[in-house]
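Asker: The amino acid sequence is not available; the structure is as follows:
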């Protein structure tokens with residue numbers, strides 16, 4: 001069994017991407033490695049949209065600290 005993982009996507013409420021995610025509640029993804037040997041992973045998952053600022057701010061801070 002594959003463990004559950006999370007993929008975070010940031011977008012404004014008014015974008016077409018967010019509109020489509022709200023409408024279908026399913027996302028397809030493809031993550032490729034640009035280095036040889038070329039490989040990647042793709043799949044589908046369910047969408048969970050967080051609009052609560054108390055959830056989003058700590059998550060965004062973790063990503064910002066990782067990129068430093």
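Answerer: Looks like it arrived, so ask away. Computed from a prediction, not measured in an experiment: that's the story for all the values here. Numbers count the residues shown, from 1 in each chain.
Asker: Provide a complete list of residue ranges assigned to helices in the protein.
Answerer: Using DSSP state H, the helices found in the chain span residues 16-24, 53-66.
Asker: List the buried residues in the first one.
Answerer: Within helix 16-24, the residues that qualify as buried by neighbour count (16 or more other C-beta atoms under 10 Å) are 18, 21. Just so you know, the C-beta spots here come from the backbone N, C-alpha and C atoms, and that holds for glycine as well.
Asker: which residues touch it?
Answerer: Outside of helix 16-24, the residues within contact range by C-beta atoms under 8 Å, 6 or more residues apart in numbering are 9, 11-12, 27, 47, 49.
Asker: run the last query once more with 6 Å
Answerer: 11, 47 (C-beta atoms under 6 Å, 6 or more residues apart in numbering).
Asker: any idea which of the helices of the chain scores lowest on pLDDT?
Answerer: Per-stretch mean pLDDT for these is lowest at helix 53-66 (a mean of 80).
Asker: buried stuff in stretch 30-40?
Answerer: In stretch 30-40, counting by 16+ other C-beta under 10 Å, buried: nothing.
Asker: distance between the ends of that stretch?
Answerer: Using C-alpha to C-alpha, to the nearest Å, the gap from the first to the last residue of stretch 30-40 comes to 7 Å.
Asker: cool, and stretch 25-44?
Answerer: Note: stretch 25-44 ends 11 Å apart using C-alpha to C-alpha.
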